[in-house]
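Asks: Predicted model and sequence below, questions to follow.
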Amino acid sequence: MTRPLRPAILGALAIAFGAPVLLGVEGLVGPAPGFAVERSPAAQQLEFGVKVALKGSWVEAAFRFERAIALGGSSARAYNNLAVARESLGQFDRAREAYEKALAVKADQDEDRRIRENYERFLGFLKANRGAGAAP
C-alpha cells in the first residue's frame, strides 16, 4: 500500500511540475440559476468529488470519482479527476492507470489537451523522483 505524500513533497510537486488540474463540472450544473436541472447520479458524484477535492479531501474525492465511473460516468473528465486524486494520495501506479484510461476515452479537444498536460506533468514528476520514493 502506498502512503500519501507528505505536504512538503506535494508542495515540491506543484512548484516543479505545476499543480494537477481537476476538470470541473461546468456544463453539468445547468443553464441558468433558478431552473431545476436533472443531473445523473454519475454527474452528481463527479460534482461532489470536485467540491471535496478542492477542500483537500482526496480520499473522499477518489471515492466519489470511482462512484461516478461505476454509475456510468466513464468520461475522460471522471478518469482524469480520479488520476489527480490518486496522485495526490501517492498512489502512483493507480494514478497512471486512471490517466491512461482518461486519454483512451473520447474527449473534446480542450479537455484532451488538459488531460495530456496533467499526464505529462505526472510522468515528469515520476522520472525526477524515482530515487526519492516515487513509484516508477
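Replies: Nice, thanks for sending it over.
Asks: any low-confidence regions in this protein?
Replies: Along the chain, segments meeting pLDDT under 70 span 1-21, 23-37, 131-136.
Asks: what do you get if the cut-off is 80, keeping everything else the same?
Replies: The chain contains residues with pLDDT under 80 at 1-38, 73-74, 130-136.
Asks: Quick one: neighbours of A98, just the number.
Replies: By the measure other Cβ atoms under 10 Å, the count of residues near A98 is 26. (Each C-beta comes from the backbone N, C-alpha and C, glycine too.)
Asks: for it, what are its contacts?
Replies: Counting by Cβ atoms under 8 Å, 6 or more residues apart in numbering, A98 makes contact with Y79, N80, L82, A83, R86.
Asks: Of these, which belong to helices?
Replies: Using DSSP state H, the subset of the contacts of A98 located in helices is Y79, N80, L82, A83, R86.
Asks: Relative to L103, how far out is the fourth one?
Replies: Separation of A83 from L103 (Cβ to Cβ, to the nearest Å): 10 Å.
Asks: If you count surrounding residues, which of these two has more?
Replies: A83 (28 against 17).
Asks: who's in contact with the more buried one?
Replies: Here A83 is in contact with P20, A95, R96, E97, A98, Y99, A102, N118, Y119, F122 (Cβ under 8 Å, 6+ apart).
Asks: Compare the residues you listed and tell me which is most surrounded.
Replies: If you rank the contacts of A83 by neighbour count (other Cβ under 10 Å), A102 sits at the top with 28 neighbours.
Asks: For it, which non-adjacent residue is spatially closest?
Replies: Among residues not flanking A102 along the chain, Y79 sits closest, at 3.6 Å (Cβ to Cβ, 6 or more residues apart in numbering).
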